[in-house]
Every structure is written in structure tokens, then in C-alpha cells.
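Asker: fold the stuff below for me.
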Amino acid sequence: MSFRKATTTLGWRPRASMASAVEQITRQLQRGELCDTPRTDTAQWYRHIMSLRSTVAVA
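Answerer: Modelled structure (predicted):
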């Protein structure tokens, strides 16, 4: 994954490398610090948000 566009356009720089982030997430999963919930699973989270659209007025 490249962050070149975010860096050149916005001046944003990642705080950690992709490899470092994967290692951190792996350790947290192994220690039980992260749970598989809609908040931690992007696809589940988007499905949850989409389900709310029918109950919330969208401007």
C-alpha cells in the first residue's frame, strides 16, 4: 500500500509501517485485546451502518 498521494497532497505521513501495524494488530488479537465485533471488522461495520439508514433520516 502506498501513502504517496496522501503525503504529497495532504502532507500526511503514517506513524508506523504497514508491517509494523500488522504485527501490532496480530499481537493484540493473540492477547485477546481486540475482539471480532462490527467496530473491528470493516465489512461488518459497513453492513451495520447500512442497516441504520432505514431508521435514520438521511439529508
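
Asker: please make it C-alpha for all contacts and neighbour counts, starting now.
Answerer: Noted.

Asker: ok, residues contacting the least confident helix or strand in the chain by mean pLDDT?
Answerer: Of all the helices and strands that make up the chain, helix 42-52 has the lowest average by mean pLDDT, DSSP states H and E, namely a mean of 84. Applying CA atoms under 8 Å, 6 or more residues apart in numbering, the set of residues contacting helix 42-52 from outside is Thr37, Pro38, Arg39.

Asker: can you list the weak-confidence ranges in this structure?
Answerer: For the chain, the stretches flagged by pLDDT under 70 are 1, 56-59.

Asker: let me see the ranges of the helices in it.
Answerer: Along the chain, the segments classed as helices by DSSP state H run 4-10, 18-30, 42-52.

Asker: any chance of those in JSON lines, plus mean neighbour count?
Answerer: Putting the helices of the chain into JSON lines (neighbours: other CA atoms under 10 Å) gives the following:
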{"stretch": "helix 4-10", "mean neighbour count": "10"}
{"stretch": "helix 18-30", "mean neighbour count": "12"}
{"stretch": "helix 42-52", "mean neighbour count": "12"}
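
Asker: stretch 30-46: end-to-end distance?
Answerer: Taking CA to CA, to the nearest Å, the first and last residues of stretch 30-46 lie 25 Å apart.

Asker: for it, the distance to its chain's centre please.
Answerer: Computed by CA atoms, centre = their mean, to the nearest Å, the separation of stretch 30-46 from the middle of its chain amounts to 9 Å.

Asker: repeat that for stretch 14-27.
Answerer: 12 Å.

Asker: separation between Lys5 and Arg53?
Answerer: Taking CA to CA, one finds Lys5 at 31 Å from Arg53.

Asker: before we move on, the earlier item: TSV for the contacts of helix 42-52, including distance to Arg31 and neighbour count?
Answerer: Converted to TSV, the contacts of helix 42-52 look like this (distance: CA to CA, whole Å; neighbours: other CA atoms under 10 Å):
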residue	distance to Arg31	neighbour count
Thr37	16	10
Pro38	19	14
Arg39	18	12
